[in-house]
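Undergrad: model the following, please.
(2 chains)
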2 protein chains.
Amino acid sequence: MANSRSGDSMTERIVRVLDTFTTERTMQTATEIAERTGLPSSTAHRIVGDLVAAGLLERDEEMRIRLGMRLWELALRGSSALRLRQAALPHMEQVQTVIREHTQLAVLEHEEALFLERLSHPDAGANITRIAGRLPLHASSSGLVLLAHADPALRERVMSLPLRAVSQETVTDAGVLRRLLTTIRRQGFVVAPGSIERVSTGVAVPVRNRGEVVAALSVVLPRESAPAPAVDALLAAARGIEQELGSGR
Amino acid sequence: MANSRSGDSMTERIVRVLDTFTTERTMQTATEIAERTGLPSSTAHRIVGDLVAAGLLERDEEMRIRLGMRLWELALRGSSALRLRQAALPHMEQVQTVIREHTQLAVLEHEEALFLERLSHPDAGANITRIAGRLPLHASSSGLVLLAHADPALRERVMSLPLRAVSQETVTDAGVLRRLLTTIRRQGFVVAPGSIERVSTGVAVPVRNRGEVVAALSVVLPRESAPAPAVDALLAAARGIEQELGSGR
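TA: Below is the predicted model:
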């Protein structure tokens, strides 16, 4: 009943529909959604109708479809992302008052860095990160910290694949990356100039919950800024978040 | 194919599974989920398995199930909740630096106030609001603002139903509520002492996007605090958010 002839579950087909929405594409017609899913048109239209009926999608007067508040509510209520982010937010604000650029929180999700939160100063420099956006583990400063502390099997798998250059300065050599990850584990932070964008430097530190690294806290600085104050602010904030997580609040 | 014999769609059944998670109940066994959905056990277990396979739920080593990061990502990427909240956050932080209690952002969703964001000072007083939590329209200060500016048909429907007392001071008389809503529209804010909790006063203002009220911005103060500084801070923040929304950023 839940499976179509092609063998994918109804759940997978619903995910394919939701997956057509991105930070740049927040409104679509049902026909555009159907085309982008690659599902048979009648199937896609029926799923869209069901999702609208359940409130997970919303249809406006011009029949355009967007993600529904109900989906947001279902996803956040009781999510570990929200708990982590709530523990981190006051400490991220502390970093912002000192560094006044971009402060962000990321977790390891499906071999990428997934960004849970970002605070930006109105006058801050370039930064391509978005909330609920992703960056490669080997390129972003947050990703490097997460990769350095990841399960060794995952680390080896990432390093066995071609390491894509996001910028001219992204580390794409597995041997160089391996030594960098060792350094990150030893020194407890990373400074990654230009690895995502030529004009920016990423600085990141690990955040632990009961000894295990559960997130990376980072700032994105203009390339010419000295990283030391950011390292200090991030390490202090990470300690604060760890105390909050450890107290089980 | 998508419909069971009882006539509910597969989407509805998936929502029933996700709906068993709450801010207080973030981990469940598959059997607990099955019981709480009221679905046949085999159906519920299969949906849980499909949701785990798609990453919308996650299973830990002890076979407990929690909401997955993938669900969070799908729900936030491209959501209007995130755009609204991103526009509001810097202005909410401004309110927090002055008022130092709880600052929150809510939208009208299914005849209730749904809270999108909450910033709390470490020393702030009582507040039952939670992110992704809900409060009745007629009782919370945010809800009163949203109800005052809601579609007249929705307003009449809410007032035609029994108005539940959340506290001893909740307005439960439709006539009194109607006059209160008129006052809110005229004066542009509400001060609601004790309507949710005896020890607190809610203060809320509307936030408009191109003339239409899209959210309520509120603070929760200790009952003994003067509300005027909060009203001023909220009105200034609402203007800032409206400029940001209007600029289409």
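Undergrad: how is chain A carved up into domains?
TA: Following automatic domain parsing, chain A resolves into domains at A:10-75, A:80-247.
Undergrad: can you redo those domains as JSON lines with distance to B:Glu58?
TA: Bear in mind the C-beta positions are built from the backbone N, C-alpha and C, glycine included. Shown next, in JSON lines, are the domains of chain A (distance: least, C-beta to C-beta, whole Å):
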{"stretch": "domain A:10-75", "distance to B:Glu58": "13"}
{"stretch": "domain A:80-247", "distance to B:Glu58": "8"}
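Undergrad: could you point out which of those domains sits nearest B:Met10?
TA: Among the domains of chain A, the nearest to B:Met10 by C-beta to C-beta is domain A:10-75 (4.3 Å).
Undergrad: quick one: terminal-to-terminal distance for the closest one?
TA: Start to finish, the residues bounding domain A:10-75 are 18 Å apart (C-alpha to C-alpha, to the nearest Å).
Undergrad: near chain B, anything from that domain?
TA: Yes. Residues of domain A:10-75 contacting chain B under C-beta under 8 Å from any C-beta of the partner chain: A:10-12, A:14-15, A:18-19, A:21-26, A:46-47, A:50-51, A:53-56, A:66-67, A:69-75.
Undergrad: got a PyMOL select line for the buried ones in the residues you listed?
TA: In PyMOL syntax, the buried subset of those is picked out as below (16 or more other C-beta atoms under 10 Å in any protein chain shown):
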select buried, chain A and resi 10+11+12+14+15+18+19+21+26+46+47+50+51+54+55+56+66+67+69+70+71+72+73+74+75
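Undergrad: strands along chain A, start to end?
TA: Along chain A, the segments classed as strands by DSSP state E run A:57-59, A:65-67, A:102-109, A:112-120, A:134-136, A:190-193, A:200-209, A:212-222.
Undergrad: let's have these in JSON lines, adding mean pLDDT.
TA: Shown next, in JSON lines, are the strands of chain A (pLDDT from 0 to 100):
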{"stretch": "strand A:57-59", "mean pLDDT": "94"}
{"stretch": "strand A:65-67", "mean pLDDT": "95"}
{"stretch": "strand A:102-109", "mean pLDDT": "96"}
{"stretch": "strand A:112-120", "mean pLDDT": "94"}
{"stretch": "strand A:134-136", "mean pLDDT": "95"}
{"stretch": "strand A:190-193", "mean pLDDT": "96"}
{"stretch": "strand A:200-209", "mean pLDDT": "97"}
{"stretch": "strand A:212-222", "mean pLDDT": "97"}
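Undergrad: out of the domains of chain A, nearest to B:Ala215?
TA: Per C-beta to C-beta, nearest to B:Ala215 of the domains of chain A: domain A:10-75, 11.2 Å.
Undergrad: follow-up on the earlier one: so which of the residues of domain A:10-75 next to chain B are in helices?
TA: The members of the residues of domain A:10-75 next to chain B that map onto helices under DSSP state H are A:10-12, A:14-15, A:18, A:46-47, A:50-51, A:53, A:69-75.
Undergrad: quick one: contacts for the residue nearest to the spatial centre of chain A?
TA: Closest to where the C-alpha atoms of chain A average out (C-alpha atoms, centre = their mean) is A:Leu114, at 1.7 Å. Counting by C-beta atoms under 8 Å, 6 or more residues apart in numbering or on different chains, A:Leu114 touches A:106-108, A:132-134, B:69, B:73.
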